[in-house]
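Visitor: Build me a model from this:
(one chain, ligands or ions: 1)
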Amino acid sequence: MPYAHITGWGMSVPEAVLTNDDISKMVETNDAWIRERTGIQERHIARDDQFPSTLGVAASIKALKIANLRPTDLDLIICSTSSPEYIFPATACLIQDQLGATKAGAFDLLAACTGFIYALNMAAQAIRSGSIKNALVIGSETLSRFVNWKDRNTCILFGDGAGAFVLQASEQPGGVLSAVMHSDGSGGDLLTIAGGGSRYPSTESTVLDGKHYIQMDGNEVFRFATRVMASATEEVLACAGLTIDQVNWIVPHQANIRIIKAAARGLKLPMERFIVNLERYGNTSTASIPMAMVEALEKGQIKPGEKIVMVGFGAGLTWGALAAEWTGPIPSKGHVRPEQYRFFARLRSVVRRAIRFIEGLLYRREL
Ligand code: COA
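Guide: Next up, the predicted model:
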C-alpha cells in the first residue's frame, strides 16, 4: 500500500493589508479590544480582480515547484473553499484550467474552516488506495466578499488567502498517518451565509435582509471550538498509535488565539508547540492551516522526520484533525518550472474555446 507524502507547499495572500485601526474607522471597535479578544492585528483583503482561483493558482505553482512536478503530472485537484467563485463551475476546475493540469479530475469540497483537513484526507486516501499518484489540495478564500463591514462581531475576524499542498505516492513510510472527520449539522445555524443558495436565491429582499453576509453566533462557536480542538487531536493521535509527547508541532485553525490557548491547556502543551500566524492574517478559513504550515516550513521550524497534527473546526458544524510525519519533497531528476506552463495553459484554454465555438457553428449548420 503506497504512502501519501506531502511533497510541495505554497501560499499566496493579496497585497492589501487592513489593520485593526482601519476597521476602527468603519465600526465601533479598537485595536486593543481586537488584539485582546482575538489576537488578530491585521488581515489581507483581495482586490476586486483577485478571486479564490487567482490566489489558489499562485499558491499551487509554488507547491508544484517545490515538489518538482508538472501540472500535467497531476491526477486530482481538490479545492476546499467556502467562498467559491461561482456556485458552479467548481473553483477547482478554474484552477485546473489556469494551471494546465490536463489529466486531473477536479472538484470543490465544502467543510468550511475544517475543509483543508477533509480535502487532505480525501487526497491521501485516494493515493493510499493506489488509484492515483499525484494530487493537489488547495484551501483558498476571499471571504471578505461576504463580510458585513458594519458588523463588528464578524468583520474583525476574517481575511483572504490561499495555501496549497502537493501529495504524492511513495513506498517510503511516512506522510499522512491518520485523520478524523466529524460533523454536527444541528449547529449549522451558528455560522452561515444563507443567501444565494437554493433556499434563499438572491433577490432584492435577500440582499436588503443581508442574507448574503456571514452571520455568526460568536459565543456559541467559541464554546464549540474550545471543546473539540483538544479532543480531535487526542483522537487522531490514538488512530496513528502516537502519544502527545511524540508530536513536535500542532498546527491549529487560526481563528482566535484564545481558542488555541484553550486547546493548549486541554492538551497540557506549552504554546511554543503551536504554530500561530493569525496576528498577520486573521481567520482565512480553510486556507489558515496550510498558510501556517507554509510559513513554518519557510522559517525552517518544521524539519523532516518531525510529527505534526493539523486540527480545525468550522461551520457545519465540522471539525477534524490529521496527523502526519514530515518528509519533504521526493528526490527527483530534472528541474521543472511549473510557472512556464501558465502561458501554454492560457493558450490551450483560448484554443479550446475557439474550437468549441467553431464546432458549434458547424453543428448548427448541419442541422
Ligand atoms: N469591538 C469592541 N467590542 C465588541 C466587539 C468589537 N469588535 N465585538 C463585540 N464587542 C462587545 C460586545 O458587544 C459585548 O459588549 P457588552 O458586554 O456591552 O454586550 C462585549 O464586547 C463582549 O462580547 P462577546 O461577544 O462576549 O465577546 P467575546 O469575547 O466572546 O469575543 C468573538 C467575540 C467573536 C471575538 C469571539 O466570540 C470569537 O472569536 N468567537 C469564535 C468566532 C470564530 O472563531 N468564528 C469562526 C469559526 S471558523
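Visitor: Buried residues, stretch 22-32. List them.
Guide: Under the neighbour-count criterion of 16 or more other Cβ atoms under 10 Å, stretch 22-32 has 23-24, 29, 31 buried. Every residue, glycine included, has its C-beta placed from N, CA and C.
Visitor: Those: which ones sit near the ligand?
Guide: Checked against the ligand using Cβ under 6 Å from any ligand atom, these give the following subset in range: residue 29.
Visitor: List the contacts of the residue nearest to residue 231 when sequence neighbours are not counted.
Guide: Nearest non-adjacent residue to residue 231, counting by Cβ to Cβ, 6 or more residues apart in numbering: residue 266, 7.8 Å away. By Cβ atoms under 8 Å, 6 or more residues apart in numbering, the contact list for residue 266 reads 226, 229-231.
Visitor: Need those residues in CSV (columns: distance to the ligand, secondary structure and pLDDT).
Guide: CSV is the format used below for the contacts of residue 266 (distance: Cβ to the nearest ligand atom, whole Å; DSSP: H, G, I helix; E, B strand; the rest coil; pLDDT from 0 to 100):
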residue, distance to the ligand, secondary structure, pLDDT
226, 9, helix, 95
229, 11, helix, 97
230, 16, helix, 97
231, 17, helix, 97
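Visitor: most surrounded residue in these?
Guide: Highest neighbour count within those: residue 229, with 26 neighbours (other Cβ atoms under 10 Å).
Visitor: I'd like to know how many residues surround residue 186.
Guide: Residue 186: 8 neighbours (other Cβ under 10 Å).
Visitor: in terms of contact, does residue 302 touch residue 296 like I think?
Guide: Yes: between residue 302 and residue 296 there is a contact under Cβ atoms under 8 Å: 5.0 Å.
Visitor: Which residue of the two possesses the greater neighbour count?
Guide: Applying other Cβ under 10 Å to residue 302 and residue 296 shows that residue 302 carries more neighbours, namely 22 against 18.
Visitor: give the contact list for that one.
Guide: Listed by Cβ under 8 Å, 6+ apart, the contact set of residue 302 reads 248-249, 275, 293, 296, 308, 326.
Visitor: Mind checking which of those residues are in strands?
Guide: In this view, the contacts of residue 302 that belong to strands under DSSP state E are 249, 308.
Visitor: Can you report phi and psi for the residue nearest to residue 231?
Guide: Residue 266 adopts backbone torsions of phi -60, psi -40, taken as degrees, to the nearest 10.
Visitor: Show me what the lengthiest helix in the chain is packed up against.
Guide: Counting residues, the longest helix in the chain under DSSP state H turns out to be helix 341-366. Of the remaining helices and strands, those touching helix 341-366 by 3 or more Cβ pairs under 8 Å, 6 or more residues apart in numbering; DSSP states H and E are helix 91-99.
Visitor: could you give the angle of the helix it packs on to helix 341-366?
Guide: Angle, helix 91-99 to helix 341-366, by axes from the mean of the first three to the mean of the last three Cα atoms, to 10 degrees: 110 degrees.
Visitor: Tell me where the model's unsure across this structure.
Guide: Flagging of the chain using pLDDT under 70 yields an empty set of residue ranges.
Visitor: tell me which element the residue nearest in space to the middle of it is part of?
Guide: Within the chain, one residue has its C-alpha closest to the average C-alpha position: by Cα atoms, centre = their mean, that is residue 139, at 2.2 Å. Under the criterion DSSP states H and E, the helix or strand holding residue 139 is strand 134-141.
Visitor: Surely residue 335 and residue 68 touch.
Guide: Yes: if you go by Cβ under 8 Å, residue 335 and residue 68 touch, sitting 7.1 Å apart.
Visitor: ok now do residue 329, which residues does it touch?
Guide: Contacts of residue 329 (Cβ under 8 Å, 6+ apart): 7-8, 66-68.
Visitor: If you tally nearby residues, what's the number for the closest residue in space to it that isn't next to it in sequence?
Guide: Distances taken as Cβ to Cβ, 6+ apart put residue 7 closest to residue 329, at 4.7 Å, once the chain neighbours are dropped. Per other Cβ under 10 Å, the neighbour tally for residue 7 reads 24.
Visitor: From residue 113, how far off is the nearest residue to residue 41 once chain neighbours are set aside?
Guide: Computed as Cβ to Cβ, 6+ apart, the closest residue to residue 41 that is not its neighbour in sequence is residue 279, at 4.6 Å. Noted for residue 279: a distance of 17 Å to residue 113, by Cβ to Cβ, to the nearest Å.
Visitor: neighbour count winner among the two?
Guide: Counting neighbours by other Cβ under 10 Å for residue 279 and for residue 113 shows that residue 113 has the greater number, 30 against 15.
Visitor: so what's the more buried one up against?
Guide: Shown here is residue 113, whose contacts under the criterion Cβ under 8 Å, 6+ apart are 82, 253, 255, 283, 285-286, 288, 312-315, 318.
Visitor: Quick check: it vs residue 175, distance?
Guide: For residue 113, the distance to residue 175 under the criterion Cβ to Cβ works out to 23 Å.
Visitor: Please apply the same query to residue 308.
Guide: 11 Å.
Visitor: Show me whatever sits in contact with both of the two.
Guide: 324-325.
Visitor: Kindly report the residues of the stretch 151-300 of the chain close to the ligand.
Guide: Taking Cβ under 6 Å from any ligand atom as the criterion, the contact residues of the stretch 151-300 of the chain with the ligand come out as 152-153, 156-157, 191, 216, 218-219, 221-222, 225, 255-256, 283.
Visitor: Filter those residues down to the ones in helices?
Guide: Among these, the members falling in helices are 218-219, 221-222, 225 (criterion: DSSP H).
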